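In: one predicted model, sequence on top.
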Amino acid sequence: MKREEILEALAQAVVVMDEEDAVRISRLALQAGISAEDAIENGLSQGMAKVGELFDSNEYFIPEVVVCADTMYKGLEVLKTAVTKAPEPKGRIVIGVVEGDTHDIGKNIVAMLLESAGFEIHDLGRNVPAAQFVDRALQVDADIVAMSSLMTTTMEEMKIVIEKLRKNGEGQRPYCMVGGAPISKSFADSIGADAYAANAPAAVKMARQLMERKGETRCD
Amino acid sequence: MRLIDYISGRDRYLNFPWMATAGLRLCGCTLYDVYLSPQKQLEIALRMDQEFDADFTYPMDDGVIFVDTLGLPLLKPDFDFPSVLENPVKSIPDLELLHVLNPYTDGRMPLHLEALELIASRIDKPLALSVQGPFTLAVELVGATDFVRAIIRNPDFVEKVLDFTTRVVGEYVRATVNMGTKFLCICEPTAVILSPARFEKMVAGNLREIYNSLGPDVWKVLHICGDTSLLLPQMLNCGAEGLSLDQVMDLPAVMAMVPEDMVVLGNLDPIHVLRELSPGQVRERTLELLRSMKGRPNYLFSFGCDCTPDTPLDNIRAAMEASRTCFSNL
């Protein structure tokens, strides 16, 4: 098989949720002399990008997105053993569900899609205190802090995190991205978030856009 | 009498607001003070009735009564709703460790039933109750990410969990009907993640089974948060006679799609309107919503979802007062 055919087959294994094929074709790619980095970026990640498109067009729903991501990780397990030089991440993202809220499926899917798109993810889990977002963001020099809330009763926590990041961050603070069922663009604007994502593929797009703005002066 | 018959033929729209934990502020109690005391449940129901004069009466919302009684660890804020901290059911053997709850003996369920009976006996309005639905309960038991994986990878497990949760919810709601529940709203917020086909298979059938077991005298309502546009055909055919919809939904558009005997509840925005605006603005937005429903006898005024714990009480009063405006003054 040619390089293009192998990469296409790898992407397709992700789209059709075939874990055995993801593993088999990942091995085949390495045997064929395709670099692990190439197979990850132009095979597995392309598959997840297609999954995002299918989600956007209501052909795939959340169960498919999660299982496609699982399939991608199966291929990654094989390919990562052959990575010679870890690629520079597209950006560092600290992500979590705000304090008081334990609903984490949205956050998990966003984290999976961001990772598949090449971002370095620091997942703090759910019910995360504001101080923990700030501490980890400083510790890893995060580019973006992504927060999720699925309850109307906990969404205000996001504002607290943003305010703490402003107060505590030395130098330029990370961008703040928010999402979750009760969150809207106007709410995001009202709390001073830099971006709002209505769903996981949108979160990937927003993260890319934020990274393009990196270095711009932010007016807080 | 059907719900549509009860709400129509009047000189104004009736109201069914989701007021979450607002009652705690009126009575100075914590949430578990109320959950564990039928007397406090009554005290709050009376106080809420006095303050807001809704067209239905109800106990404090209790979306965790099943998981609490099943022993799942919970995060329990004093003045907000609890959340599940751990999701222990990862396999059929895990599920087999649980038993279908007996509403009359298990955990704090008997206290809740007693509270319902007390409220129904003291407040002369239809007693409304909201409970978690079988799908959402199943997701709480298993954990959302693992559950959606299992939908594709382990459908037998999913079927067994849903069978269990349908029995748990069914047993309980039937007991609440015996205590005077007239208006039963099953909440399935998590079901919004499903495709229409999976919703039919995993949600609608189980809801139909529960609703059908309640008899004709109980008004059956379904609430799902978020954008349910794709699921509307399935929601219309799951045995509910009322649909409660989120603020993101275009209610006039929905009204044009539903049969005339399907009651639609909604959908004043609990966040951007109720929480954020002034009482005067809340009143105006409420009236706008009512006007947009003009000529729709199957409309029942409600909020899109629970309001936040810090919603100004004056805003709730403004919404409720405006919601009682006669048709002739709209």
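Out: Alright, I've got the coordinates. Every value quoted in this text rests on a predicted model; they were computed, and no experiment measured them.
In: alpha carbons only for contacts and neighbour counts from here, please
Out: Will do.
In: surely residue A:6 and residue A:27 touch.
Out: No. Judged on Cα atoms under 8 Å, residue A:6 makes no contact with residue A:27 at a distance of 10.4 Å.
In: neighbour count winner among the two?
Out: It is residue A:6, of residue A:6 and residue A:27, that has more neighbours when counted by other Cα atoms under 10 Å in any protein chain shown, with 20 against 17.
In: need the three-state assignment for the more buried one.
Out: Taking DSSP: H, G, I helix; E, B strand; the rest coil as the rule, one finds residue A:6 in the helix state.
In: tell me how far it lies from residue A:74.
Out: Per Cα to Cα, to the nearest Å, residue A:6 is found 16 Å from residue A:74.
In: how about low-confidence regions in chain A?
Out: For chain A, the stretches with pLDDT under 70 are A:169-171, A:217-220.
In: what sits against residue B:85?
Out: Counting by Cα atoms under 8 Å, 6 or more residues apart in numbering or on different chains, residue B:85 touches A:102, B:72-75.
In: of the residues you listed, which is the most crowded?
Out: residue A:102 (23 neighbours).
In: what's the offset of the strand or helix carrying residue B:253 from the middle of its chain?
Out: Secondary structure from DSSP states H and E places residue B:253 in helix B:251-257. When C-alpha coordinates are averaged (Cα atoms, centre = their mean, to the nearest Å), helix B:251-257 and its chain have centres 21 Å apart.
In: for the helix or strand following it, packing partners?
Out: Going down the chain from helix B:251-257, the next helix or strand is strand B:263-268, by DSSP H and E. If contacts are counted by 3 or more Cα pairs under 8 Å, 6 or more residues apart in numbering or on different chains; DSSP states H and E, strand B:263-268 sits against strand B:242-245, helix B:251-257, helix B:279-292, strand B:299-303.
In: now what about strand B:263-268, what contacts it?
Out: B:3-4, B:16, B:241-247, B:249, B:251, B:255, B:274, B:285-286, B:289, B:298-305.
In: give the buried residues for stretch A:200-220.
Out: Buried residues in stretch A:200-220, counted by 16 or more other Cα atoms under 10 Å in any protein chain shown: A:200-204, A:206-208, A:210-211, A:214.
In: residues contacting residue 16?
Out: Answering for chain A, as no chain was given. Here residue A:16 is in contact with residue A:68 (criterion: Cα under 8 Å, 6+ apart).
In: other chain: chain B
Out: B:54-56, B:265, B:300-303.
In: if we use 10 Å, what do you get?
Out: B:54-58, B:128, B:244, B:265-266, B:300-303, B:320, B:323 (Cα atoms under 10 Å, 6 or more residues apart in numbering or on different chains).
In: follow-up on the earlier one: show me what counts as buried in the helix holding residue B:253.
Out: Quick answer for helix B:251-257 (16+ other Cα under 10 Å): B:251, B:255.
In: I'd like the mean pLDDT over that helix, please.
Out: Helix B:251-257 carries an average pLDDT of 95.
In: so what secondary structure elements neighbour the one helix or strand residue A:66 maps to?
Out: Assigned by DSSP H and E, residue A:66 belongs to helix A:62-80. If you count contacts as 3 or more Cα pairs under 10 Å, 6 or more residues apart in numbering or on different chains; DSSP states H and E, helix A:62-80 packs onto helix A:3-15, helix A:19-31, helix A:36-39, helix A:45-56, helix A:105-116, helix B:144-153.
In: can I get the CA coordinates of the third one in PDB?
Out: Read it as helix A:36-39. Provided in PDB are the C-alpha atoms of helix A:36-39 (Å, rounded to 0.1, in the frame of the first residue of the first chain):
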ATOM      1  CA  ALA A  36       4.900   7.900  13.600                       C
ATOM      2  CA  GLU A  37       4.500  11.700  13.500                       C
ATOM      3  CA  ASP A  38       3.200  11.500  10.000                       C
ATOM      4  CA  ALA A  39       0.800   8.700  10.800                       C
END
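In: so which other helices or strands are in contact with it?
Out: helix A:3-15, helix A:19-31, helix A:45-56, helix A:62-80.
In: rebuild those helices as CSV, extending it with distance to residue B:224.
Out: Listed next are the helices and strands packed on helix A:36-39 as CSV, based on distance: least, Cα to Cα, whole Å:
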stretch, distance to residue B:224
helix A:3-15, 29
helix A:19-31, 33
helix A:45-56, 20
helix A:62-80, 16
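In: gap between residue A:145 and chain B?
Out: 22 Å (Cα to the nearest Cα, to the nearest Å).
In: show me how far the strand or helix carrying that residue is from its chain's centre.
Out: Secondary structure from DSSP H and E places residue A:145 in strand A:144-148. Centre-to-centre, strand A:144-148 and its host chain are 10 Å apart (Cα atoms, centre = their mean).
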